[in-house]
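In: Next input, structure requested:
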Amino acid sequence: MKLIVLMMLILMTGCSEVFLLSSIGGTVVSQSPAIKAYNGVDTLTIMKTKKGIKKHAYDKLKEVNDNK
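Out: Predicted coordinates for the structure are as follows:
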């Protein structure tokens with residue numbers, strides 16, 4: 001049994017996005033529709049750009065502050 005779990009762990013080390021999506025899906029169950037929509041868009045953004053919405057906003061604000 002331990003060998004099977006160890007093999008699964010070794011094979012799935014590159015699948016962090018799958019775990020991220022499954023953990024997001026678990027937390028979405030008991031939230032409002034607005035939060036579900038935000039989490040869905042954030043997940044798609046992370047999958048496409050490797051950065052979340054908050055990181056994009058942070059980078060944009062930092063860029064604006066650096067230009068002043």
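In: which residues of the chain fall in helices?
Out: 2-11, 16-28, 33-49, 53-67 (DSSP state H).
In: Summarise which helices and strands the longest one is packed against.
Out: In other words, helix 33-49. Using 3 or more C-beta pairs under 8 Å, 6 or more residues apart in numbering; DSSP states H and E, the elements in contact with helix 33-49 are helix 16-28, helix 53-67. C-beta coordinates here come from the backbone N, C-alpha and C atoms, glycine included.
In: mean pLDDT lowest for which of these?
Out: Here the helices and strands packed on helix 33-49 differ in mean pLDDT, and the lowest is helix 16-28 at a mean of 52.
In: ok, Met47 to Lys60 distance?
Out: The gap separating Met47 from Lys60 is 20 Å, by C-beta to C-beta, to the nearest Å.
In: now Ala37
Out: According to C-beta to C-beta, Ala37 and Lys60 sit 21 Å apart.
In: Kindly report the same for Lys50.
Out: The gap separating Lys50 from Lys60 is 16 Å, by C-beta to C-beta.
In: do the same with Asn67
Out: The gap separating Asn67 from Lys60 is 11 Å, by C-beta to C-beta.
In: neighbour-wise, which of those two wins?
Out: Relative neighbour count places Lys60 above the other of Asn67 and Lys60, with 10 against 6, counting by other C-beta atoms under 10 Å.
In: If you tally nearby residues, what's the number for Asn39?
Out: Based on other C-beta under 10 Å, the number of other residues close to Asn39 is 16.
In: pLDDT score for it?
Out: Looking at Asn39, its pLDDT reads 86.
In: do the same with the one 10 residues further on
Out: Looking at Thr49, its pLDDT reads 91.
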